[in-house]
Structures are given as C-alpha cells and as structure tokens.
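Novice: Structure of the sequence below:
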Amino acid sequence: FRPASRLSAIRSFQVMDLVDRAQALERAGRDVVHMEVGEPDFPSADPIRAAGADAIAAGVTGYTSALGAPELRRAISDYYARWHRVAVPPERIVVTAGATGALVLLAALLVEPGDRVLMTDPGYPCNRHFPQLVGGEAKSVPVGPEQDYQLDPGLLARHWDDRTRGLLLASPANPTGAVLARSTLRHLLEAVRERDGWTIVDEIYQGLTYPASLTELPTAARHGAAAPDRVGTVLSIVDDPDAPVFVVNSFSKYFGMTGWRVGWLVAPEAAVPELEKLAQNFYIAPSTIGQHAAVAALGDEAMAVHEARRRAFCERRNVLVAGLRDLGLAVPRVPEGAFYVYAALPEGCEDSFTFCRRLLETHGVAATPGTDFGEHGAGRHVRFAYTAGVDRIRVALARLGTALAERAA
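Specialist: Reported below is the predicted structural model:
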C-alpha cells in the first residue's frame, strides 16, 4: 500500500487523540468536562427528530435531486427572507452533504492546479486541505486580535499574488468566534472583485451571534448580526446576484443537527448546473431523511428552541470568558459568535498540546490545543468550547485554576 503524496501534507486532528483519551478515562471511572469538540450538547429539537422519524415511517427513503429536495430549497429561501430580510431564490440554493460537501464542491468548481486560496491562521483546519485535493493550495495569513482575527483589505493586498484566485472567509469563525465587520467585508469583496477573483464565505455558525458585552444576553426576536456593524449574512450586502460570491451554511451548529449531515450553499445561478454535475458524481444526493428533518428545523416551533439555546450559549460564553480572564488567560476580544473561546496561556506554561494533555490527564478537562488551527501563535493558545452547561463550565474553571497553580509552583 502506497498512499498518494498529498496525504503527507494532511494532518490528523490532535483533538481527536484527546477525545479518544478522554473517553478512555471516562470508561475507567474518571469525570471529564468536555470542552474540546465543536458540537452542541443539546440534542436536535423535538420537531426535527419527529420529522425524521415520520419520513422513515412513511418510507421516504429514496434519492432526491442532487441539488436537494425542492421543499427544502424553498424553505431555506424563506428562511433568508424571514430571518435576514434577504431575497434568495431557491434556484440559487444547493443542498449539500453537510457544509464539508459544499466546500468540496466549491474547490472542484473554482480551483485550478497551482491556484492559491487565502484564508486565516488560525482557522478551521480542514479548509486548508480542500484546495489541495484539486491541485491548489491554501495560503494561510496570520491574524490576531489587532485584526479581530479576520482578514482585512490591507492583509489581502500584501498576500495576494499572481497565483491567488480567491478568498475563504468565516464569520463567525472557528476557533476565535470572530464576526466580520460589515465595512471590512464590503471592502474585501470589492478588493477581490477588482482582482477578478472569487470569495467563499463560511457561515456555518450563522445565528450563533451575541452581544459584545459580557453582561448582556440576546434579546432580539430575530437572530443575525450581534450589532449593526457586524454581518449576519454576506448576502445582505451583495447587490449583484451574479457576483462571484459563494455562501456555505449548515444545519449542524445553530440548528443542532450535526449527525444528520445536511448543509447548503448559495451560488450565482449560472454556477448551479456545474455544481449539480459535481454533486451527482461526488455523492449522488444529500441524505433524504436529513433533508426532511431540516425542513422542520426551519419551522417556527424549532426556531423558538434554537433561539432559546442561543441565549444559553451566550450565558455560557459570559461565564467562561470572565473566568478565563480571572485565571490569567488572555482573551483580548470577546468572541461574538460560534461557541468557542480562543485563549492565550499565561507566560511560563508549557506548549498548548502538552498543557491540554496534562489538563486532561491530571485534572479531567478536555480542551483543544491551538496547534490544531494553524501555526500563528498556535503553541500559546487553547480553544475552549462552551458546549457544556454553566455548572460544568464552573467545574472546568476550578480545575483549570488548579492546573495553572500547579504549574506555577
């Protein structure tokens, strides 16, 4: 057996090694607080599960169109109109096998061998590998709190070269929870178009946005941008439906449907036939049962559940950020989205992977080392997912304090 050479550049997730070890410790009777995996701890809302069960009971188990079930494409279109006040025709919506399926389709659609795609460091690690699968490469751009952990026009100008063809943005972002400013995004889109490029915007945490203050909880009846200067969806500022802007979304995070594997993308209508051809060849069609459940996820009853959970996530964020700061970990920007805090370890700590291993083995807290998300400052950062309840977060903070004091001693 000899794997293709591209495999040498693809690293496994370090966090999965920690997950395996955490589960082994639990089987041995240890108590572990899980703050490592980006998965909501809430089960899918009751209307979602009921719709999936109903589809199975009714025998609705055959293929749909590769573009997705028409009723789901219409429901997503209605979601944009009702919740974001944006008109997106169903014809521009492609339902995918999770957001990962959408990103693979877009890599095949847009990237030629030798092309470069700009993206942030730190950033979601899989994004680096999608261009490589089709002969391109990611060009990771270091970002920090001074740029709100996002690309800006100045960074784009410095890093765009003759081989660069496009830009991949994420808002809210993993691992930092950073939400793009409306003005920054508008200027980025203009700069990319001036260079005859294209932009992919990863919005899989859309909906999970919060006030910047640690003393506030979401109060609006409509999710979206946490503040007027923050972007809810890039589609709200793209006036030309034929602009080379591609939006990726998912039912996994805000909608709590990780295991159902349903996502979607919004593309210029001219690109849809090519995306359909690729989807037919790559995975035939998305999960039929998952799509029926996803229609229910957009209904009023389920949306009320999602919004209540968003408020709970915000409360958790407030407790976690305040607690980490009290312990001496640096959180220079309050994360305004997703469900992560990307915190810098105090001076004198070991590297992030060694620290996370010790935190798990000795103190029963599972967190993700920054080295999973890039190179820039990665060895000094840890990502904490607030996908555990407030009581468990307080337990984790107490244990973390003991781990830091132990190291200092």
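Novice: use CA for all of it now, contacts and neighbours both
Specialist: Fine.
Novice: which SS class is Asp41?
Specialist: Of the three states, Asp41 takes coil under DSSP: H, G, I helix; E, B strand; the rest coil.
Novice: nearest residue to it other than its sequence neighbours?
Specialist: Nearest residue to Asp41 in three dimensions, chain neighbours excluded: Thr387, at 5.5 Å (Cα to Cα, 6 or more residues apart in numbering).
Novice: is it true that that neighbour touches Pro43?
Specialist: No. When contacts are counted by Cα atoms under 8 Å, Thr387 is not listed as touching Pro43 (11.7 Å).
Novice: who touches Arg49 in this structure?
Specialist: By Cα atoms under 8 Å, 6 or more residues apart in numbering, Arg49 lies in contact with Ala293.
Novice: buried residues in the helix or strand in which it is found?
Specialist: Secondary-structure assignment from DSSP states H and E places Arg49 in helix 46-57. In terms of neighbour count (16 or more other Cα atoms under 10 Å), helix 46-57 has its buried residues at 47-49, 51-52, 55.
Novice: can you tell me which two in those residues are farthest apart?
Specialist: Pro47 and Ala55 (12.3 Å; Cα to Cα).
Novice: And the helices in the chain?
Specialist: 14-27, 46-57, 70-84, 98-110, 130-133, 153-159, 182-194, 272-282, 288-297, 300-326, 352-363, 390-408 (DSSP state H).
Novice: now the last one: mean pLDDT?
Specialist: The one in question is helix 390-408. For helix 390-408, the mean pLDDT works out to 93.
Novice: just for the stretch 301-409 of the chain, where's the confidence low?
Specialist: Low-confidence segments of the stretch 301-409 of the chain, defined by pLDDT under 70: 408-409.
Novice: Tell me the predicted confidence for Asp229.
Specialist: 82.
Novice: Who are the contact partners of it?
Specialist: 181-183.
Novice: And the buried ones among the residues you listed, selectable in PyMOL?
Specialist: Applied in PyMOL, the following selects the buried portion of those according to 16+ other Cα under 10 Å:
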select buried, resi 181+182
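Novice: Switch the contacts of Asp229 over to TSV; also include pLDDT and distance to Val319.
Specialist: Shown next, in TSV, are these (pLDDT from 0 to 100; distance: Cα to Cα, whole Å):
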residue	pLDDT	distance to Val319
Ala181	94	25
Arg182	93	27
Ser183	94	30
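Novice: Distance to Leu72 added to the contacts of Asp229, as TSV?
Specialist: Formatted as TSV, these follow (distance: Cα to Cα, whole Å):
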residue	distance to Leu72
Ala181	30
Arg182	29
Ser183	32
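Novice: Lys277: which of the contacts of Asp229 is nearest?
Specialist: Nearest to Lys277 among these, with distances taken as Cα to Cα, is Arg182, at 33.7 Å.
Novice: Tell me which residues touch the closest one, please.
Specialist: By Cα under 8 Å, 6+ apart, Arg182 lies in contact with 229-231.
Novice: For Gly114, state which of these is nearest.
Specialist: For those, the nearest to Gly114 is Val231 (31.8 Å; Cα to Cα).
Novice: any idea how far Arg85 is from the closest one?
Specialist: Per Cα to Cα, to the nearest Å, Val231 is found 13 Å from Arg85.
Novice: Could you list the low-pLDDT ranges of this protein?
Specialist: Those would be 220-226, 408-409, if you go by pLDDT under 70 across the chain.
Novice: Any idea how many residues pack against Gly29?
Specialist: Neighbour count of Gly29, defined by other Cα atoms under 10 Å: 9.
Novice: backbone phi and psi for it, please?
Specialist: Main-chain dihedrals, Gly29, degrees, to the nearest 10: phi 100, psi 0.
Novice: what's the distance between it and Thr368?
Specialist: Taken as Cα to Cα, the span from Gly29 to Thr368 is 22 Å.
Novice: same deal with Arg195?
Specialist: On the measure of Cα to Cα, Arg195 and Thr368 end up 37 Å apart.
Novice: More neighbours: which of these two?
Specialist: More crowded of Arg195 and Thr368, by other Cα under 10 Å: Thr368, with 29 against 14.
Novice: Now that that one has come up, it's in contact with Glu36, right?
Specialist: Yes. Here Thr368 reaches Glu36: they are 5.0 Å apart, a contact under Cα under 8 Å.
Novice: Find residues that contact each of those two.
Specialist: Counting by Cα under 8 Å, 6+ apart, the residues touching both Thr368 and Glu36 are 15, 383-384.
Novice: Considering these, which is situated nearest to Arg261?
Specialist: Once Cα to Cα is applied, the member of these that ends up nearest Arg261 is Val15, at 20.8 Å.
Novice: isn't that closest one right next to Glu36, touching?
Specialist: Yes. Using Cα under 8 Å, Val15 is in contact with Glu36, at 6.9 Å.
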